[in-house]
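Peer 1: Next input, structure requested:
(2 chains)
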Amino acid sequence: MPETVTLAVNGITVEMPAGSHVSAAILKTGTHAFRRSVTGEPRGPLCGMGICFECRVTIDGEQHCRSCQTVCRNGMDVRTDG
Amino acid sequence: MADARDLLVVGAGPAGMAAAWRAAQNGLRVCVVDDNPAAGGQIWRGGPPEAQVWFERIRSVDVEVIAGARVFEQLRPGTLLAETTSGVCELSYKSLVLATGARERFLPFPGWTLPNVMGAGGLQALVKTGLAIEGKRVVVAGSGPLLLAVAAYLRAHGGNVLLIAEQASAMQLARFAVGLFSKRTQAFELKRQLKGVPYRSGCWVSEAHGTEKVEAVTLICGKKSWRVDCDYLACGFHLVPNVELAELLGGEVESSSVKVDAFQQTTVANVYSAGETTGIGGLELSLVEGEIAGLAAAEKHDAARELFPVRATQRKFADLLNRTFTLRGELKHLSTPQTIVCRCEDVTLERLKRHNSWRAAKLQTRCGMGPCQGRVCGGAVEFLFGWRAESVRPPILPVKIESLMR
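Peer 2: From the prediction side, this is the model:
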């Protein structure tokens, strides 16, 4: 298994230790607002365990993916909506 | 997958692993399913050294583990449906163990919806899954023993833990310390790891400040109030059992926990439950309950009975734990009328206050009807207004339309 994986968050290339989750990769790029709430507030991860859905982002074109429950893969394209 | 397993375990944390191990050891065909990408639950996320004995036990028996699968519906009695990245799978069983664990209780206060305000366990989970915390200033706040474990973990990973704010009073904590006898080694070890970090009892965060993310928090301790600049606020108020799946299957819930008999069986025949799902009690209680459930499912009732005294001891500790970290009334009054309580639908306190039940509030405001289905605001409205959800309806987690239309 490679030591690191490389993915893109909003077009920014980021390298993470293998096994990292997408939520950590997003924060590493300096993005804190993962999405906007229904009234337009910035939101980021809260529970870290897949129950709050605050960290949902678009991964490889699929919307509403929980970034905290998704393991980083090489070549992944992550888009936040914050 | 028409072929039914003898035992299906939902949740691959300590309780689920213990149940699976005991059942498989006694000849049952066991499958464990978990929402997370890997087994271990929250406490053993990433497979820490202290958990290796249990991971080894699971490897030593023939247990099928399906990770990354979220159970969302019962197709028919004896068959559950789970969504995975490669579609929906049917999970049939003769017996079932629900070891769905717990989540943190979140309470609203001004600014709690800002990015980088997370649960205590929430921030720990992020660090365990790759977030670099080195040099970051963190305030750990809320209630419960988890705060200490999280603070120690963050510190060990280079986090600059500025303060631990525990809402319980010094008097409550003193009684807990006396009762902590059996956990002395763990307690001393934590104390050593947290040397130099201020631990304030009777202290809580009244507001988080910032615009795009948290920049500072206001703390209250007695009559004193002060502001601390920080990069993260890790704030959780003890834990709430995840009872949704048990309720969906018709299991009774009492005091927010799944009701079980002496053999960990729920009020539904052949459906067992173990661990935090049956009441918050920590790792040791979860393990022994899991073992009892696994043995009972394998009809080894005598062997299960031998573990009853261990469970009784751990339950005493759990009772003390839950009494110690009872939430103080002041926490009900942190929110302003404009503070959001339901984060999915952005429902403010002011709008909720016009109603007298969660049902009414749901109908009029959509509180608890967003993607989390009340898992976050549920613990808050229970504490603030004494409201409890009346029923659980499938799917118990948001799933894709194609998963429902199969």
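
Peer 1: which parts of stretch A:46-55 are buried?
Peer 2: By 16 or more other CB atoms under 10 Å in any protein chain shown, the buried positions in stretch A:46-55 come out as A:46-55. (Each C-beta comes from the backbone N, C-alpha and C, glycine too.)

Peer 1: cool, and stretch B:135-143?
Peer 2: Within stretch B:135-143, judged by 16+ other CB under 10 Å, the buried ones are B:136-143.

Peer 1: chain center to stretch B:16-30, what's the gap?
Peer 2: 23 Å (CA atoms, centre = their mean, to the nearest Å).

Peer 1: oh, I was asking about stretch A:66-82
Peer 2: Chain-centre distance of stretch A:66-82: 4 Å, with CA atoms, centre = their mean.

Peer 1: So the residue in the stretch 301-406 of chain B that chain A sits nearest to, which state does it fall into?
Peer 2: Distances between the stretch 301-406 of chain B and chain A by CB to the nearest CB are smallest at residue B:371, namely 3.8 Å. Here residue B:371 is recorded as coil under DSSP: H, G, I helix; E, B strand; the rest coil.

Peer 1: Around it, how many other residues sit close by?
Peer 2: Residue B:371 has 18 neighbours, counted by other CB atoms under 10 Å in any protein chain shown.

Peer 1: Not including adjacent chain positions, what is the nearest residue to it?
Peer 2: Ranked by CB to CB, 6 or more residues apart in numbering or on different chains and with sequence neighbours excluded, the top spatial neighbour of residue B:371 is residue A:53, at 3.8 Å.

Peer 1: Show me the buried residues of stretch A:46-55 that map onto strands.
Peer 2: The strands, defined by DSSP state E, take in nothing from those.

Peer 1: possible to save those residues as CSV with pLDDT?
Peer 2: Formatted as CSV, these follow (pLDDT from 0 to 100):
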residue, pLDDT
A:46, 98
A:47, 98
A:48, 97
A:49, 96
A:50, 95
A:51, 96
A:52, 97
A:53, 97
A:54, 98
A:55, 98
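
Peer 1: Save those as CSV, and put in distance to residue B:279 too.
Peer 2: Below are the buried residues of stretch A:46-55 laid out as CSV (distance: CB to CB, whole Å):
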residue, distance to residue B:279
A:46, 24
A:47, 20
A:48, 23
A:49, 19
A:50, 22
A:51, 19
A:52, 22
A:53, 26
A:54, 27
A:55, 28
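
Peer 1: related to what we said a few turns ago, please verify my assumption that the residue nearest to residue B:371 contacts residue A:67.
Peer 2: No - here residue A:53 does not reach residue A:67: they are 10.4 Å apart, not a contact under CB atoms under 8 Å.

Peer 1: Next up, phi/psi of residue B:31, please.
Peer 2: phi -130, psi 140 (degrees, to the nearest 10).

Peer 1: Who are the contact partners of residue B:10?
Peer 2: By CB atoms under 8 Å, 6 or more residues apart in numbering or on different chains, the residues touching residue B:10 are B:16, B:32-34, B:71, B:80, B:96-100, B:245.

Peer 1: For chain A, tell me whether stretch B:390-403 is touching it.
Peer 2: Yes - using CB under 8 Å from any CB of the partner chain, stretch B:390-403 comes into contact with chain A via residue B:398.

Peer 1: Mind listing what's buried along that stretch?
Peer 2: For stretch B:390-403, by 16+ other CB under 10 Å, it's B:392, B:395-399, B:403.

Peer 1: Who wins on neighbours among the contacts of residue B:10?
Peer 2: Ranked by the number of neighbours (other CB under 10 Å), those place residue B:97 first, at 36 neighbours.

Peer 1: Quickly note the distance from residue B:357 to residue B:83.
Peer 2: Residue B:357 is 31 Å from residue B:83, where distance means CB to CB, to the nearest Å.

Peer 1: quick one, which of these two is more surrounded?
Peer 2: Shown here are residue B:357 and residue B:83; by other CB under 10 Å, residue B:83 has more neighbours (23 against 14).

Peer 1: Which helix or which strand is home to the more buried one?
Peer 2: If you go by DSSP states H and E, residue B:83 is part of strand B:79-84.

Peer 1: Could you report the pLDDT at residue A:36?
Peer 2: For residue A:36, the pLDDT comes out at 97.

Peer 1: so how far is residue B:335 from it?
Peer 2: According to CB to CB, residue A:36 stands 22 Å off from residue B:335.

Peer 1: The two - which one has more neighbours?
Peer 2: Under the criterion of other CB under 10 Å, the comparison of residue A:36 against residue B:335 puts residue B:335 first, with 22 against 13.

Peer 1: Quick one: the strands in chain A, in order.
Peer 2: A:4-9, A:12-17, A:35-36, A:42-43, A:56-59, A:62-66, A:77-79.

Peer 1: now those as TSV including distance to chain B?
Peer 2: Converted to TSV, the strands of chain A look like this (distance: least, CB to the nearest CB, whole Å):
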stretch	distance to chain B
strand A:4-9	10
strand A:12-17	5
strand A:35-36	10
strand A:42-43	5
strand A:56-59	7
strand A:62-66	8
strand A:77-79	13
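
Peer 1: Give the helix, strand or coil label for residue B:186.
Peer 2: Following three-state DSSP, we place residue B:186 in the helix state.

Peer 1: how many neighbours does it have?
Peer 2: Neighbours around residue B:186, by other CB under 10 Å: 16.

Peer 1: likewise residue B:231?
Peer 2: Neighbourhood size, residue B:231 [other CB under 10 Å]: 18.

Peer 1: surely residue A:27 meets residue B:129?
Peer 2: No - here residue A:27 does not reach residue B:129: they are 10.6 Å apart, not a contact under CB under 8 Å.

Peer 1: Which of these two has more residues huddled nearby?
Peer 2: Set residue A:27 next to residue B:129 and count neighbours by other CB under 10 Å: residue B:129 wins out with 28 against 24.

Peer 1: Need phi/psi at that one.
Peer 2: phi -110, psi 30.

Peer 1: Over to residue B:300?
Peer 2: The phi/psi pair for residue B:300 (degrees, to the nearest 10) is phi -100, psi 70.
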